[in-house]
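> I'll drop the sequence and a predicted model, then ask my questions.
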Amino acid sequence: MNLSLTQPLIAEARSGFDIATAPAARTAIASGEETQKQRVRRLAAHCNAYRGAVPKLAVGQLLSTLVPLALIVAAMFATVQTAYWATLLLAFPAAGLLVRAFIIQHDCGHGSFFASRPLNDFVGRCMSVLTMAPYGLWRREHAQHHASSGNLDRRGAGDIDTFTIAEYQALPRLEKMRYRLYRNPIFLFGFGVPFYFMVLQRLPWFHAVKPSEAWKSVMGLNLGIVAFYGPLVYAFGWSDVLWVTLPIVHIASAVGGWLFFIQHQFEEAHWDQAESWDFQVAALLGSSFYDLPKVLNWFTGNIGLHHIHHLNSMIPNYRLQSCLEASPELKAINRLTLADSLKCASLKLWDEQARRMIRFDELPAALAARTAAN
């Protein structure tokens with residue numbers, strides 16, 4: 001059986017293959033000679049047992065997200081004109097719940113939140129009115145991200161732009177400056193990601209799919225936003241709606257952007273050229289295990305367990321923790337604490353020779369090492 005899988009749907013369909021049942025694999029494991037691919041296939045088989053929706057858990061997560069979000073937003077409207085400081089404080093838990101709503105939308109896009117595809121699509125589109133991320137467009141872009149994650153020859157779909165050392169060195173000076181600005185965490189998370197969610201996703205251009213293919217999803221959501229916020233504007237006025245909504249969406253999008261960044265931008269990340277790229281190996285080794293405190297794990301829908309999610313995207317977020325707890329091995333792969341993750345903000349380039357992410361101040365040493373090797 002050829003297990004050099006390069007497509008996520010094929011990989012997931014075959015992920016039930018238990019490498020430990022193969023005679024050659026049993027011998028290799030017993031002798032301590034288990035290969036990297038054998039190990040990944042074995043862990044994929046473990047994860048496969050946790051795929052599939054649990055309706056009771058899905059409904060419970062919906063209620064535990066939307067009910068407190070509605071109550072907090074109501075309190076924000078009650079304080080917006082008399083105690084805006086309280087409104088801003090309430091924006092933080094509201095933003096956390098909006099991130100949780102986005103994870104629900106994310107799971108619906110994968111078809112994992114509910115067993116029914118029409119129900120997934122309905123709930124996902126409802127969540128998109130809150131998250132401002134077009135459901136159909138985002139689902140397609142995110143599928144491309146999963147299909148090409150860690151593939152140096154297929155970057156650009158739903159990714160944080162990442163250049164190799166060679167690519168960066170070949171850039172004109174102005175392009176180097178642009179890349180440095182783009183990778184600045186203050187610019188990226190303070191402005192770039194919020195601008196993308198609030199402005200660029202209102203337009204069918206600037207995406208990884210053709211404008212003609214994005215148009216329906218983008219315009220459909222724009223109409224949904226008008227239908228949802230129109231009555232609020234009528235009841236409270238433009239000003240109140242803006243000063244309540246803007247901080248929630250800005251904080252949530254910045255947090256979401258950071259989560260997406262840290263899921264694939266860490267020193268021991270995994271990238272390969274297309275000819276040597278393997279879907280499951282890249283999924284597991286190119287995604288981090290963001291070991292957050294329990295309360296943050298709750299708000300972020302366990303998305304920090306990203307190595308498991310990429311290995312099998314059909315595991316709903318509410319089953320990821322159980323999958324992790326059943327495998328001490330998964331707990332040790334690419335683990336990042338909150339403190340560890342802050343150091344990753346300085347990583348900018350992929351060193352294709354050392355096979356790790358580096359900071360800009362490490363570039364001279366990396367170039368010197370290349371010169372010495374040649």
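Perfect, I can see it now.

> not counting stretch 79-94 itself, show me its contacts.
68-69, 72-73, 75-76, 240, 243-244, 247-248, 251 (Cβ atoms under 8 Å, 6 or more residues apart in numbering). For every residue, glycine as well, the C-beta is placed using N, CA and C.

> what ranges does the protein have for its strands?
Taking DSSP state E, the strands of the chain run over residues 163-164, 289-290, 335-336, 349-351, 356-358.

> narrow the contacts of stretch 79-94 to those in helices?
Secondary structure defined by DSSP state H assigns 68-69, 72-73, 75-76, 240, 243-244, 247-248, 251 of the contacts of stretch 79-94 to helices.

> can you give me the pLDDT of the spatially most central residue of the chain?
Centroid-nearest residue in the chain: F260, 4.0 Å away (criterion: Cα atoms, centre = their mean). F260 is assigned a predicted lDDT (pLDDT) of 94.

> quick one, what contacts it?
Taking Cβ under 8 Å, 6+ apart as the test, what F260 contacts is I160.

> state the distance from it to K56.
Distance, F260 to K56, using Cβ to Cβ, to the nearest Å: 29 Å.

> one more: S212?
S212 is 41 Å from K56, by Cβ to Cβ.

> and if you look at N48?
21 Å.

> so for those two, which residue has more residues nearby?
N48 (21 against 9; other Cβ atoms under 10 Å).

> shouldn't the more buried one be in contact with L311?
No - the pair N48 and L311 fails to qualify as a contact (Cβ atoms under 8 Å) at a distance of 9.0 Å.

> contacts only, for the residue nearest to I103 when sequence neighbours are not counted.
Nearest non-adjacent residue to I103, counting by Cβ to Cβ, 6 or more residues apart in numbering: G301, 3.0 Å away. Contacts for G301 were tallied using Cβ under 8 Å, 6+ apart; they are 61, 99-100, 103-104, 106-107, 317-318.

> may I ask which of those residues has the most neighbours?
D107 (28 neighbours).

> list the contacts of the nearest residue to that residue once chain neighbours are set aside.
Nearest non-adjacent residue to D107, counting by Cβ to Cβ, 6+ apart: F113, 3.8 Å away. The contact partners of F113, by Cβ under 8 Å, 6+ apart, come to 53, 58, 104, 107, 120, 123-124, 316-317.

> and stretch 312-332, what's buried?
Across stretch 312-332, burial judged by 16 or more other Cβ atoms under 10 Å covers 312-320, 323-324, 327, 330.

> so where do the helices sit in the stretch 151-300 of the chain?
165-169, 173-182, 185-187, 193-198, 211-236, 238-264, 279-285, 294-299 (DSSP state H, counting those that start in this stretch).

> can you tell me which of those helices is most buried?
helix 279-285 (a mean of 25; mean count of other Cβ atoms under 10 Å).
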